[in-house]
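Engineer: Here's a sequence, model it:
(chains A and B)
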Amino acid sequence: MTRYILRRVAAMVVTLWFIVSATFVIMHAIPGDPFVTEARLPETVLANLRAYYGTDRPLGEQYVRYLGGLLRLDLGPSFKSDTLGVNEQIALGFPVSAQLGLQALVLALALGLGLGMFAASRAGGLVDGFTMLVGTLGISVPSFVVAPLLIDLFAVRAGWLPVAAWGSFASTILPTVTLAVAPLAYIARLTRASVLETLGQDYIRTAHAKGQPPLRVLVHHALPNALIPVVTILGPITAGILVGSFVIEFIFGIPGTGRMLVRAIFERDYPVILGSAVFYSTLLLAFNFAVDLAYGVIDPRIRVERSMS
Amino acid sequence: MRVRTMLAATTALALLLSACSGATTPGGGTQAPAGGGVLRLNGAINPDSMDPALIASRVPGEIVTTLFESLVRLDDKGEPAPGIAEKWSVSPDGLTYTFTLRKNAKWTDGHNVTAQDFVYSYERSLRPETAAPLAANLYYIKNGIPYNKGTLKDASQLGLMAMDDYTLMTALEAPTTFWLKLTAFFNMLPVHKETVEGKKDWTTKPETYISNGPFKLKSWTPNQEITVVRNPDYWNKGEVKLDEITWKMINDSNTAYQSFLAGELDAVTPPPALTAQLIKDGKAKVYPAARTDFVRLNNTKAPFTNAKVRKALAYSLERTPLVDQVLQGQQKPGLGFIPVGLSSGAGEFRAKAGATIFKEDAAQAKTLLADGLKELNLTAFPDVALDYITGDVNKKIVEVLQAQWKKNLGIDVKLNAMERSTLIAAMRAGQYNWQLYSTGADFDDAINLLTQFQTGDGYNYGKYSNKQYDALIDVALKEPNAEKRAQAMVDAEKIFIVQDMGIVPLYYGTQTQVQQPNLKGVRIFTAATNDYSRASVK
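Structural biologist: This is a model prediction of the structure:
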């Protein structure tokens, strides 16, 4: 098992290095210079700025210096913000994005699993059809349509919730719901299909025959196996939530890392772009690794496989 | 039955978990008007800096205008009224301004505001190490240019002198009729030396943010909001009614507008798609904006090297349908370059030059185009794509231009959407043929926009060049007599547009705002930063 973990960690480091390098190359390949804006700075001032931030050095040297900074966990200064370096910006934005993402994930999981199981247990009926219709809509309607709709209904007309910004718990409700809609739909559909398939297995019939109550059969016998596909997509689902948060944060004016990244791209704030790439990649890689480890817990067959390799 | 119970339990669990993971972050947003006296605005994005010398954009400019006070402050009509300076006098040759400062103006740490503060602040803005993006506004000060470029190292050679603690003298390169108004501009606000010199983070905390204006910094929660609170030590506090002003940071204009509808904001710029209807319903206020939208032509690339072709492109457009039916923001057709509402130093420029200086004439345009192409040895209008910055409004504009040029000139113009920074990079490198662009005045004088087209000017991205034009602008930069100066600028515009048509002007812009009915006293200027310090919401 230890060897397995070590192998995975090594693979993660290599992947991370590759992502950083690819981002570095692509970033410098797009036209546009962070210091060349519409305002007219004299050449000497531009030269000073470039020297200060090191952008006048050859690209290879900038790359190596950046990697060196990464080893010290220093993501560098921001080219645009006078007062906040990249580490500070991420430190400010991440708790916000994490709260939003976690809330959405929990909501999507809980409701998605619940709806999926409910539909599967009532398979073929009206309830099942209706639940799946809602699921399809959830996947198809984009968040930038859902968001203004929810804002209009619940904030402007009803006045129950604030429109935007971040601060009180109430202000997190609409963004969380908007962000959870698509993952919820995916999870619901997948759970339904998976539970249905599992319910058709022989061992379920055995359980029923032994006189187990239907709920116990569902939760104790069927669900763990039905969960495997859901756990599989947890990685991409989280990625989707992370990326979906960019749009949500922008629309709702939420001070998270998603909004920070979008702005940095437009303004060519290279350190923030690179830093975000590093940060998000690390998160995703770590999360996927955790999911893989979780397999070992859910499915004993996989655990055995690993300890033998 | 059991599954239903389980579903209910799952849902309850989900909500419970969500509640547990939620935590209130400090600096929570306000949801309802806090009992009058608090003005809530939208700042859209987190300011990159709150240091007056380093600011280059509108919203941080608005914020520091409430926090600091310069020599003058613009009154309701946009005219300079006493600020830190009680009175001033100008030398007969128009080169020297002497300001007498009041003795009761204080910094928020208790020290008096002195003439040395202004000398220090302007020198700092011109210092090359400061890298002030808008240092060019201080080039009117004697020796400002060489000092900022680094060729002059001795700061005492700058045209700035504190004759004593309360007398400031500014010596200018040339007579500058708009100098007084310019000192109110946000990057000419004074800063407190002991707080600022050598320190990096003085702007981030209220305790270290020493200012001298109607308000002082209460809190800055990055990416969330900035709040300023009334300054009890402000010398003119009788004029200040608001208790606090908050700028939230909602990027999306639609969300900001919905915030306004829900009563969470007191004034916003409405989203472009809704502007026309709001104006029609009388819910939005429209102000002129000292901005001209135009098509920049690369005068070094064919066919734009030929004046007849350029004129053909300009005469063949129908600007009235563009502004009335497409833009619908009460913009005015641009049949000249300098926008309405901008001063010539001797009255409004357009009043002096004439509201329009050329005519739309499709028939003449067709002839001009044919002649121009023949002179260039071209059989048809070349395949040059019109660049524009991606966006709904820009897309509509270029599609209208495309349709009108097709209809009136019979040419097919391809359109090329570009991301903002990419277009600017191409513009600065001269790697474009023509592009949709706009230019706005930073201060209330036409010279602001006219210098951009002098040969060799840093902003002359279209490489327009005419020696007569250059000479007239040089006159305008040095002429002490306001009337003569205004006439030089009027003549320069005639050469630029009527004779050469160096660009294709489209329309003069406007700014729109929706305001809650109880909001009063907002100063929205044509060519200066909005001033909310005298507003009230009661």
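Engineer: residues in the stretch 251-400 of chain B within reach of chain A, list them.
Structural biologist: B:251, B:252, B:254, B:255, B:256, B:258, B:259, B:261, B:262, B:264 (Cβ under 8 Å from any Cβ of the partner chain). Using the backbone N, CA and C atoms, a C-beta is placed for each residue, glycine as well.
Engineer: Distance check, the fifth one against residue B:352.
Structural biologist: The one in question is residue B:256. 39 Å (Cβ to Cβ, to the nearest Å).
Engineer: and the two? which has more neighbours close in?
Structural biologist: Shown here are residue B:256 and residue B:352; by other Cβ atoms under 10 Å in any protein chain shown, residue B:256 has more neighbours (25 against 19).
Engineer: The more buried one contacts residue B:44, doesn't it?
Structural biologist: Yes. Using Cβ atoms under 8 Å, residue B:256 is in contact with residue B:44, at 7.5 Å.
Engineer: can you list residues touching both of those two?
Structural biologist: residue B:250 (Cβ atoms under 8 Å, 6 or more residues apart in numbering or on different chains).
Engineer: roughly how far is the helix or strand hosting residue B:320 from the heart of the chain?
Structural biologist: Per DSSP states H and E: residue B:320 is located in helix B:319-321. Centre-to-centre, helix B:319-321 and its host chain are 25 Å apart (Cα atoms, centre = their mean, to the nearest Å).
Engineer: helices and strands around it, which ones?
Structural biologist: Here helix B:319-321 touches no other helix or strand, going by 3 or more Cβ pairs under 8 Å, 6 or more residues apart in numbering or on different chains; DSSP states H and E.
Engineer: Low-confidence stretches in chain B?
Structural biologist: B:1-36 (pLDDT under 70).
Engineer: Give me the most central residue, it.
Structural biologist: For chain B, the residue nearest the mean C-alpha position is residue B:442 (5.3 Å; Cα atoms, centre = their mean).
Engineer: Can you name the residues that contact that residue?
Structural biologist: Contacts of residue B:442 by Cβ under 8 Å, 6+ apart are B:134, B:137, B:185, B:448, B:527.
Engineer: one step back: buried residues of the helix holding residue B:320, list them for me.
Structural biologist: Buried residues in helix B:319-321, defined by neighbour count with 16 or more other Cβ atoms under 10 Å in any protein chain shown: residue B:319.
Engineer: any residues touching that helix, and which ones?
Structural biologist: B:333, B:334, B:335, B:360, B:400, B:506, B:507.
Engineer: Could you dump the contacts of residue B:442 into JSON lines and include neighbour count?
Structural biologist: Output for these, formatted as JSON lines (neighbours: other Cβ atoms under 10 Å in any protein chain shown):
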{"residue": "B:134", "neighbour count": "22"}
{"residue": "B:137", "neighbour count": "19"}
{"residue": "B:185", "neighbour count": "22"}
{"residue": "B:448", "neighbour count": "21"}
{"residue": "B:527", "neighbour count": "25"}
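Engineer: Need the max-distance pair from these.
Structural biologist: B:134 and B:527 (14.3 Å; Cβ to Cβ).
Engineer: Please identify which of the contacts of residue B:442 is nearest to chain A.
Structural biologist: Checking those against chain A by Cβ to the nearest Cβ gives residue B:134 as the nearest, at 6.1 Å.
Engineer: need the contact list for the closest one.
Structural biologist: Residue B:134 makes contacts with A:39, B:55, B:56, B:187, B:442, as judged by Cβ under 8 Å, 6+ apart.
Engineer: So which of the contacts of helix B:319-321 sit within helices?
Structural biologist: Assigned to helices by DSSP state H, the following of those qualify: residue B:400.
Engineer: Which of the contacts of helix B:319-321 sits closest to chain A?
Structural biologist: Chain A lies nearest to residue B:506 out of the contacts of helix B:319-321, by Cβ to the nearest Cβ, at 18.5 Å.
Engineer: How about the closest one, nearest residue that isn't a chain neighbour?
Structural biologist: Spatial nearest neighbour of residue B:506, excluding adjacent residues (Cβ to Cβ, 6 or more residues apart in numbering or on different chains): residue B:293 at 4.6 Å.
Engineer: Can you give me the neighbour number for that neighbour?
Structural biologist: Quick note: residue B:293 (other Cβ under 10 Å) scores 23 neighbours.
Engineer: Can you show me the CA trace of the helix or strand encompassing it as PDB?
Structural biologist: If you go by DSSP H and E, residue B:293 is part of strand B:284-297. Taking C-alpha atoms only, strand B:284-297 is exported to PDB below (Å, rounded to 0.1, in the frame of the first residue of the first chain):
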ATOM      1  CA  ALA B 284     -32.200  56.800 -16.100                       C
ATOM      2  CA  LYS B 285     -30.200  60.000 -16.100                       C
ATOM      3  CA  VAL B 286     -28.000  60.800 -19.100                       C
ATOM      4  CA  TYR B 287     -25.000  63.000 -19.000                       C
ATOM      5  CA  PRO B 288     -22.500  63.900 -21.700                       C
ATOM      6  CA  ALA B 289     -19.200  62.100 -21.400                       C
ATOM      7  CA  ALA B 290     -16.400  64.000 -23.200                       C
ATOM      8  CA  ARG B 291     -15.700  60.800 -25.200                       C
ATOM      9  CA  THR B 292     -15.600  60.300 -29.000                       C
ATOM     10  CA  ASP B 293     -16.000  56.900 -30.500                       C
ATOM     11  CA  PHE B 294     -14.300  56.500 -33.900                       C
ATOM     12  CA  VAL B 295     -12.600  54.200 -36.300                       C
ATOM     13  CA  ARG B 296      -8.900  54.500 -36.000                       C
ATOM     14  CA  LEU B 297      -7.200  54.200 -39.400                       C
END
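Engineer: residues contacting residue 222?
Structural biologist: Since no chain was named, I'll use chain A. Applying Cβ under 8 Å, 6+ apart to residue A:222 gives the contacts A:195, A:198, A:199, A:204.
Engineer: You answered for a different chain; I wanted chain B.
Structural biologist: A:83, A:84, A:89, A:92, A:255, B:46.
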